[in-house]
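K.L.:
sharing a sequence plus its predicted fold:
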Amino acid sequence: MIKFIPSTKEDMDQIREWAAADTWHQDQKQSEWWLTGSGHIAFCAQDEIGPVVYVKVEKEEDWYRLHCQFGPREEVSRERLLEAMMIGLPVLFGGLKDGKGVIFNSMNPSLIKFMVSLGFKPRACPVGDYELKFEVI
């Protein structure tokens, strides 16, 4: 089971450690940026073992920009992460349907491959941006 819980000041050390261990986020120094109360939505997704990923969503005009800080593999297995994403992303995206869609930016080939498998497509600009347009019914 995946739960979305508030990210709080008590999470700041873990966020800092996870960012330091993350090749793609090592330069990030402000762990409070991930805390609930900033951006459109910010939370920690956790399973029965504990935190899996910190998420922040920001509104950009008619779009939502998704940011994720994943736990290092030593703490969060690939299986736990995939389960959290497969269960959590549809729930998250369901709450963002008032926008045109979701954008994320990454240079991580594994993350890009996974998100493309969910329907994300590259944007022309900026480099590394991918979008998932919500279907208009």
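P.N.:
Right, received. Where do you want to start? Residues are numbered from 1 along each chain as shown.

K.L.:
pull out the buried positions in stretch 48-57.
P.N.:
Neighbour counts using 16 or more other C-beta atoms under 10 Å place 51-57 of stretch 48-57 among the buried residues. No exception for glycine: its C-beta is placed from N, CA and C like everyone else's.

K.L.:
and which of those is nearest Glu79?
P.N.:
Val52 (10.5 Å; C-beta to C-beta).

K.L.:
just send the buried residues of stretch 48-57 back as JSON lines, with distance to Asn105 too.
P.N.:
Converted to JSON lines, these look like this (distance: C-beta to C-beta, whole Å):
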{"residue": "Pro51", "distance to Asn105": "22"}
{"residue": "Val52", "distance to Asn105": "20"}
{"residue": "Val53", "distance to Asn105": "16"}
{"residue": "Tyr54", "distance to Asn105": "16"}
{"residue": "Val55", "distance to Asn105": "14"}
{"residue": "Lys56", "distance to Asn105": "13"}
{"residue": "Val57", "distance to Asn105": "13"}
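
K.L.:
which elements pack onto the host helix or strand of Gln14?
P.N.:
Using DSSP states H and E, Gln14 falls within helix 12-21. Contact analysis of helix 12-21 by 3 or more C-beta pairs under 8 Å, 6 or more residues apart in numbering; DSSP states H and E lists strand 51-60, strand 63-70 as its packing neighbours.

K.L.:
tabulate those strands (CSV), appending mean pLDDT and distance to Ile2.
P.N.:
As requested, those are arranged in CSV below (pLDDT from 0 to 100; distance: least, C-beta to C-beta, whole Å):
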stretch, mean pLDDT, distance to Ile2
strand 51-60, 96, 8
strand 63-70, 95, 14
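
K.L.:
make JSON lines out of those and add distance to Ala42.
P.N.:
Below are those laid out as JSON lines (distance: least, C-beta to C-beta, whole Å):
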{"stretch": "strand 51-60", "distance to Ala42": "4"}
{"stretch": "strand 63-70", "distance to Ala42": "9"}
